[in-house]
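>>> Prediction below, plus the sequence it came from.
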Amino acid sequence: MKNKIYSISLIFIFLTLLSTVASATQVTKIGSGSQPVIDGSKIVWTDGSIHVYDLTTQKDTVISASSASYPAIYGKKLVWHDESNGIPELTVYDISTAARSQVTQNVDAGSIPAIYGNIIVWSASSDGTNYNVYMHDISTSTQKKIARGNSPDIFDKRIVYYYDAGDLPQIYTYDIATGKAIDISEYGDNYYPHIYGNKVIWSDFNTRLGNIRMYDIATKQQTDVTTGDDMIGYDTGGATDINGNRIVYLKHNDLASAELGDVYVYNIATGQSTQLSSGNTAQTPAVSGNVVVWSDSGSIYMSDLFATNIFPSVAAFTASKTSGKAPL
C-alpha cells in the first residue's frame, strides 16, 4: 500500500510541476538588431549587416553588408533589401556556398521580399501609388509581374497579397500554376497577408489598429482570430506571422505607438492565445515550429514554446527520483 501511495504521490507531484512550469515562459536574448525572421533552426536579423543565428550550435554568423533590411529565409537561401550601392535592390545569398546575386529590376525603397524554394516575391511602385507584385525564380533568373497589389507572401505554389481597387483593400491568393487570383477576404479594410499551407491570415483595420482574420483555402471558411477591444485600445492588427498551427501577433495598448506591443502566440487548434512578452515595446514577431522570435528596443529575443525547462520530460522527472534533485 505504501508503494502505491508513493507512486500516486509522484504522479501528482509530476502533474503539478508540469502544470506550474508550463505556465511560465522562457525568453532568451540572442543578439542585437531588428526585423528577425526564422526558418527551422536558423534565425536571421539585421543591424545593417545580416546575422544568421544557428539554434543548434548557438553560433551567430555575420554576413557583411552595409544597408541591409527586411531579411527573409527559406532553407539555405537568404534574401534581403539592400541599398549598399545607393540604389534599392534585393540581395540573394546562399548560406552553403556564400554565393551572392542581385535583383535590381522593379525594386524600390519599400520592397520587402518573401521567399519559398527558389521563388522570391515582393512589391514595388514606379509612382508611389500604384503597386505591382513581382515574382523572381532564382534557379532560372527569370522574373515577371503577376498582379497589381502590395505586401506579398508565398507558400508552395500560392502567393498572397492585398490590392485596393479604389474601395477598401482586399486579400487575394494567386495560383502560380494557373495564373489565377481570387479575392478571399470579401469585406473589411485588409492588409499584410501571410500564408502557411491552406491558412491565410491578415490584419483587418476597419476599426482602430485592427484585428486578425484567417481564411482556410481548403474549407473556404473565414475565422476571427482576434477581436480586440476598442474601448481600452487592445488592438491586434499589424505585425503577424503564421507557421504550422501557430499564429504570432502584437497586441497594442498604446495607439501612439502602433508598431509596438506585446507578443502573443495563438494556437489554431485550441483557439487560445498566450502572452510571451510584456512592456508594450516588442516588434516584428515571427514563428517557425516551436520557436518564436521578435525584436525589442534594439535586441533580438526568442522563446522556445517547448523548452525542457518549460515542459520537463518524464525521463528527467524519473531521473530526479533517484538523484534526489528536481528536474531542470
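Sure thing, it's come through.
>>> residue boundaries of the helices in the stretch 1-150 of the chain?
2-22 (DSSP state H, counting those that start in this stretch).
>>> per-residue confidence at the closest residue to residue 52 other than its chain neighbours?
Of all residues not flanking residue 52 in the chain, residue 61 sits nearest, at 4.7 Å (CB to CB, 6 or more residues apart in numbering). Yep, even glycine has a C-beta here, placed from its N, CA and C like the rest. Residue 61 carries a pLDDT value of 97.
>>> same thing with residue 107?
For residue 107, pLDDT reads 97.
>>> Give me the phi and psi for residue 149.
Note on residue 149: backbone dihedrals following degrees, to the nearest 10 are phi 160, psi -170.
>>> show me the residues around it that make contact.
123, 131, 132, 133, 161, 162, 163, 172 (CB atoms under 8 Å, 6 or more residues apart in numbering).
>>> For beta bridges, what are the partners of the nearest residue to residue 103 once chain neighbours are set aside?
Setting aside the residues directly before and after it, residue 103 is nearest to residue 90 in space (CB to CB, 6+ apart), at 4.1 Å. Applying DSSP bridges to residue 90 gives these bridge partners: residue 81, residue 103.
>>> I'd guessed the residue nearest to residue 52 sits against residue 45; true?
No: Residue 61 is beyond contact range of residue 45, at 11.9 Å (criterion: CB atoms under 8 Å).
>>> tell me the contacts of the spatially most central residue of the chain?
Centroid-nearest residue in the chain, with CA atoms, centre = their mean: residue 286, separated by 2.6 Å. Residue 286 makes contact with 36, 37, 38, 241, 248, 292, 293, 294 under the criterion CB under 8 Å, 6+ apart.
>>> Those residues in strands, which ones?
Judged by DSSP state E, the subset of these located in strands is 36, 37, 38, 241, 248, 292, 293, 294.
>>> Residue ranges of each domain in the protein, please.
1-25+308-328, 26-307 (automatic domain parsing).
>>> what is the mean pLDDT for the first one?
The average of the pLDDT scores along domain 1-25+308-328 is 37.
>>> picking up where we left off before, between residue 61 and residue 45, what contacts are shared?
Common neighbours of residue 61 and residue 45 (CB under 8 Å, 6+ apart) are 51, 53.
>>> Settle it for me: which of those two has more neighbours?
Counted by other CB atoms under 10 Å, residue 61 and residue 45 do not tie: residue 45 has more neighbours, with 27 against 13.
>>> Hmm, the more buried one is touching residue 60, no?
No: judged on CB under 8 Å, residue 45 makes no contact with residue 60 at a distance of 9.6 Å.
>>> which residues do those two both contact?
Here residue 45 and residue 60 have 31, 51, 53 as joint contacts, going by CB under 8 Å, 6+ apart.
>>> and those residues, which of them are in strands?
Reading strands off the shared contacts of residue 45 and residue 60 with DSSP E, I get 31, 51, 53.
>>> what about the last one, how many residues close to it?
In other words, residue 53. Quick note: residue 53 (other CB under 10 Å) scores 21 neighbours.
>>> what about the residue nearest to the centre of the chain, which SS state?
strand (DSSP: H, G, I helix; E, B strand; the rest coil).
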